[in-house]
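S.K.: Provided below for reference: sequence and predicted model.
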Amino acid sequence: MDIILASGSPRRKQLLAQMGIETFRVISSDADETVEPGLSPARIVEILSARKAEAVADHAKPGGLVIAADTIVALDGAVLGKPNDGLEAFRMLSALSGRRHQVYTGVTLLRDGERRTEHEVTTVTFRELTQDDITRYIATGEPMDKAGAYGIQGYGALLVERIEGDYFNVMGLPVCRLGRMLAGMGTDCLALAAGNRGQ
């Protein structure tokens with residue numbers, strides 16, 4: 001089956017392969033990511049994941065499946081995007097220090113006009129960070145292309161005290177939820193993984 005991942009994220013590619021989907025095409029979406037003000041974080045990621053899926057739908061073969069996702073970090077309901085510079089990263093990480101925040105990922109599956117969109121939320125708690133902690137983490141370069149200015153799969157793990165929910169959601173793809181969604185559209189990831197092992 002033709003499967004398109006509408007994301008150039010290396011983390012999403014890795015997680016999709018980990019789910020047993022080893023053969024897929026990557027077509028990064030150039031969808032507009034602006035949304036009207038006042039929307040909840042959950043609604044934002046659902047809208048944007050659907051928009052990303054629709055932006056690459058024309059590339060899918062008949063019967064092909066498009067998978068798209070969008071992830072944001074929210075603190076007290078306010079969305080934290082990717083920092084524009086080190087100063088903005090410092091402000092974000094300072095705000096997250098010692099506090100709980102939420103990571104939302106919207107996922108959309110699109111096949112022959114049929115669309116399913118859902119979202120997952122994970123709560124992350126940071127330890128108390130010193131100014132030196134933040135400065136050194138920024139010096140690694142890792143925060144600059146990450147929503148909320150950190151990556152849990154990298155050095156950012158040193159900042160995280162606990163999580164409640166799907167760890168992989170914080171990486172950008174809620175694996176358990178996506179697996180259930182795929183099964184609902186006729187793609188059983190465990191069957192794929194078992195078949196891959198038997199080859």
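M.R.: That came in fine, so what should we check first?
S.K.: in this structure, which helix or strand is least confident?
M.R.: Evaluated with mean pLDDT, DSSP states H and E, the helix-and-strand set of the chain has its lowest mean pLDDT in helix 189-198, which scores a mean of 80.
S.K.: Can you point out the buried residues in that helix?
M.R.: Residues 189, 192 are the ones in helix 189-198 that count as buried (16 or more other CB atoms under 10 Å). From N, CA and C alone the C-beta is placed, and that goes for glycine too.
S.K.: How far does it sit from its chain's centre?
M.R.: Mean C-alpha position of helix 189-198 versus that of the full chain (CA atoms, centre = their mean, to the nearest Å) differs by 24 Å.
S.K.: So the residue nearest to the spatial centre of the chain versus residue 2, what's the distance?
M.R.: The centre of the chain sits closest to residue 172, judged by CA atoms, centre = their mean, with a distance of 2.0 Å. Applying CB to CB, to the nearest Å, the value for residue 172 to residue 2 is 22 Å.
S.K.: Just the CA trace of the least confident helix or strand of the chain, in CSV.
M.R.: Written as CSV, here are the backbone C-alpha positions of helix 189-198 (Å, rounded to 0.1, in the frame of the first residue of the first chain):
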residue,chain,number,x,y,z
CYS,A,189,0.7,-2.4,12.6
LEU,A,190,1.4,-5.6,14.6
ALA,A,191,0.5,-7.7,11.5
LEU,A,192,2.9,-5.6,9.4
ALA,A,193,5.6,-6.0,12.0
ALA,A,194,5.1,-9.7,12.2
GLY,A,195,5.2,-9.9,8.4
ASN,A,196,8.4,-7.9,8.2
ARG,A,197,10.1,-10.2,10.7
GLY,A,198,9.1,-13.2,8.6
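S.K.: Point out the other helices and strands that that helix packs with.
M.R.: helix 175-184 (3 or more CB pairs under 8 Å, 6 or more residues apart in numbering; DSSP states H and E).
S.K.: and the angle for the helix it packs on with helix 189-198?
M.R.: On the basis of axes from the mean of the first three to the mean of the last three CA atoms, to 10 degrees, helix 175-184 is oriented at 90 degrees to helix 189-198.
S.K.: Contacts for helix 175-184 next, please.
M.R.: With contacts defined as CB atoms under 8 Å, 6 or more residues apart in numbering, helix 175-184 is touched by 15, 18-19, 67, 107, 109, 116, 118, 120, 166, 168-169, 188-189.
S.K.: are any of those buried, and which?
M.R.: 15, 19, 67, 107, 109, 118, 120, 166, 168-169, 189.
S.K.: Out of those residues, which comes closest to residue 135?
M.R.: Checking the buried ones among the contacts of helix 175-184 against residue 135 with CB to CB, the nearest one is residue 169 at 28.1 Å.
S.K.: before we move on, back to that, so how far is residue 58 from the residue nearest to the centre of the chain?
M.R.: Going from residue 172 to residue 58 by CB to CB gives 24 Å.
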